[in-house]
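>>> predicted model follows, preceded by the sequence.
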Amino acid sequence: MAYQENQTPRFSRTYKKLFRRELDSIHEAMDAIIKKPEIGTEKLGDLSSLFVYKFKIGKSEWLLGYTFNPTKKIVTWHSIGQHENFYRGTKKN
């Protein structure tokens, strides 16, 4: 059974503003996560339940923050963006 996907409002707002080239790379990263949710790095402390997957768009490194529930087969997308201010913005929500 495939994982279902949910989005937080923060993720949706950021996602709508992205360009086509960025979206193509993001969709590849999302597909990789859907196939194997454990692929990301689990964070500690304030963001203990968050997993972060790092990937490149051009020369810049982007991060995709998500959580997943293996029993209910749900992946929830929390945030996306470049490394600058990624964690600070994610902590606020």
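Nice, I can see it.

>>> and the helices in the protein?
Secondary structure of the chain (DSSP state H): helices at 9-16, 20-35, 86-92.

>>> mean pLDDT lowest for which of these?
Mean pLDDT per stretch puts helix 86-92 lowest among the helices of the chain, at a mean of 71.

>>> nearest to Lys54, out of the helices of the chain?
Taking C-beta to C-beta, helix 20-35 is the member of the helices of the chain nearest to Lys54, at 8.9 Å. For every residue, glycine as well, the C-beta is placed using N, CA and C.

>>> in the closest one, which residues are buried?
22, 26, 29-30, 33-34 (16 or more other C-beta atoms under 10 Å).

>>> CA atoms of it as CSV?
Taking Å, rounded to 0.1, in the frame of the first residue of the first chain, the C-alpha atoms of helix 20-35 are listed here in CSV:
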residue,chain,number,x,y,z
ARG,A,20,8.9,24.8,-12.7
ARG,A,21,12.5,23.7,-12.6
GLU,A,22,12.4,23.7,-8.8
LEU,A,23,9.2,21.7,-8.8
ASP,A,24,10.6,19.0,-11.0
SER,A,25,13.5,18.4,-8.5
ILE,A,26,11.1,18.6,-5.5
HIS,A,27,8.8,16.0,-7.0
GLU,A,28,11.8,13.6,-7.5
ALA,A,29,12.7,14.1,-3.9
MET,A,30,9.1,13.6,-2.8
ASP,A,31,8.9,10.3,-4.8
ALA,A,32,12.0,9.0,-3.2
ILE,A,33,10.6,9.8,0.3
ILE,A,34,7.3,8.1,-0.5
LYS,A,35,9.1,5.0,-1.6
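
>>> who's in contact with it?
By C-beta atoms under 8 Å, 6 or more residues apart in numbering, the residues outside helix 20-35 that reach it are 2-3, 5, 15, 18, 39-40, 53, 55-58, 62, 64, 66, 75, 77, 80.

>>> I'd like to know which of the residues you listed are buried.
Members of the contacts of helix 20-35 classed as buried by 16+ other C-beta under 10 Å are 3, 40, 53, 57, 62, 64, 66, 75, 77, 80.
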